[in-house]
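>>> this one's sequence-less:
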């Protein structure tokens, strides 16, 4: 099981740091993806980090603003979100899978990923 935390409300231009902790599991087993779902919209992939952290992938709208990372010693992955915009508002979920083909692979297989968190809400006030 994955547990997200760190959501909250910020003004445009602000920052939030989200965490994704493995509970009763070992994070190092998984490639990790962050997804988000805005009100009334479909879920979309945001960022991916491979096992070991050597490969990262970002959705175009967050490149240069968001950074995905992991600390397997702490059994936790992170999503640092800077220069936030109102359109970044949504529930953010982390998910993990033991298989990753590269690129945005995990985004396309979202419903089949091994583990998911319950989500944390990030609101960028407009």
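All right, it came through fine. As the structure is a computational prediction, the values presented were derived from the model and not from experiment.
>>> Just give the number of residues close to the closest residue to residue 33 other than its chain neighbours.
Spatial nearest neighbour of residue 33, chain neighbours left out: residue 106 (4.1 Å); criterion: CB to CB, 6 or more residues apart in numbering. (C-beta placed from N, C-alpha, C; glycine too.) Applying other CB atoms under 10 Å, we find 28 other residues in the vicinity of residue 106.
>>> Distance check, residue 106 against residue 32.
Distance of residue 106 to residue 32, given as CB to CB, to the nearest Å: 8 Å.
>>> Which residues are in contact with each of those two?
Common contacts of residue 106 and residue 32, defined by CB atoms under 8 Å, 6 or more residues apart in numbering, comprise 48, 95.
>>> ok but the residue nearest to residue 33 is inside a strand, no?
No - under DSSP: H, G, I helix; E, B strand; the rest coil, residue 106 falls outside any strand and is assigned helix.
>>> pretty sure residue 100 contacts residue 32?
No - with contact defined as CB atoms under 8 Å, residue 100 and residue 32 do not form a contacting pair (9.4 Å).
>>> and these two? which has more neighbours close in?
Of the pair residue 100 and residue 32, residue 32 is the one with more neighbours under other CB under 10 Å, namely 29 against 20.
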